[in-house]
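**Student:** This is a predicted model, with the sequence first.
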Amino acid sequence: MGEGATFVPPDIPYTSQEAINVSLPPTANALDYFRLYVTDDILDLIVRQTNTYADQYIAGNDLKPHSPAQNWVRTDRDEILAFIGLSILMGVVYKPRIHMYWSTDAIYQTDIFSNVMSRDRYLLLLRFLHFENNESVDRLGTTSV
C-alpha cells in the first residue's frame, strides 16, 4: 500500500445465526457470561506467568529493604479473578487516582475494593501481572518453542 493510501477492510458477509451456544441458567449473571470468555485455562496461564515473572524479578534484582516486592506471595486463580473484577469495576466507578479506590475519606470511599483485597496487594499484582514468560520470547516478539 503506497503512502496516503487508505486501507479498506474486506466486506465478509456473516450468514449464521448469532447465538450463545452454551447452556446458562435463567438466572445467569455477569460473572457467568464473563467466565464464558475467561476460562480456568486462561486464569491458570495468568497465574503461572504472573508467579513466574515475580520470581524472576525478585531473583534478578537487588531489592531494597522497603521494596513492595519483598512482600510478594504467590497468587492463585481466585485472587487473579478478584483482581480482574476490581480492574473492570474501576472502569465503572471512576476515580482520578488509583489509590482513591481504597480511600477511607467519605468523599471517595468505595468499600468493595478494600473488602476484596488491600491496595498494596492490588498494586503488587498489577506490577507483576504477566501473560507470557519473558525468557521464552525473543527480541522480535516471537515465542520460542
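**Tutor:** Nice, I can see it. Numbering: from 1, shown residues only.

**Student:** List the contacts of the helix or strand containing residue 120.
**Tutor:** Secondary structure assignment for residue 120, by DSSP states H and E: helix 119-128. Outside helix 119-128, the residues that touch it by Cβ atoms under 8 Å, 6 or more residues apart in numbering are 50, 53-54, 57, 68-69, 71-72, 75, 79-80, 83, 86, 98-99, 101-102, 113. Using the backbone N, CA and C atoms, a C-beta is placed for each residue, glycine as well.

**Student:** Might you specify the subset of these located within helices?
**Tutor:** 50, 53-54, 57, 79-80, 83, 86, 113 (DSSP state H).

**Student:** list the buried ones in the helix or strand of the chain with the lowest mean pLDDT?
**Tutor:** Least confident helix or strand, the chain: helix 30-37 with a mean of 91, by mean pLDDT, DSSP states H and E. Within helix 30-37, no residue counts as buried by 16 or more other Cβ atoms under 10 Å.

**Student:** In CSV, list the C-alpha atoms belonging to it.
**Tutor:** What follows is helix 30-37 as a C-alpha-only set of coordinates in CSV (Å, rounded to 0.1, in the frame of the first residue of the first chain):
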residue,chain,number,x,y,z
ALA,A,30,-22.4,-11.0,34.6
LEU,A,31,-19.8,-13.4,36.0
ASP,A,32,-21.4,-16.4,34.2
TYR,A,33,-21.1,-14.5,30.9
PHE,A,34,-17.5,-13.4,31.7
ARG,A,35,-16.5,-16.9,32.5
LEU,A,36,-17.6,-18.0,29.0
TYR,A,37,-14.6,-16.0,27.7
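
**Student:** Now do that helix: distance to the chain's middle.
**Tutor:** 15 Å (Cα atoms, centre = their mean, to the nearest Å).

**Student:** For the chain, give me the ranges with low pLDDT.
**Tutor:** Low-confidence segments of the chain, defined by pLDDT under 70: 1-2, 4, 138-145.

**Student:** center of this protein, which residue is that?
**Tutor:** residue 84 (4.9 Å; Cα atoms, centre = their mean).

**Student:** What is the burial count for the closest residue to it other than its chain neighbours?
**Tutor:** In space, and not counting its chain neighbours, residue 84 is closest to residue 38: 7.1 Å by Cβ to Cβ, 6 or more residues apart in numbering. When neighbours are counted by other Cβ atoms under 10 Å, residue 38 registers 14.

**Student:** Having no further points to raise, I will conclude here.
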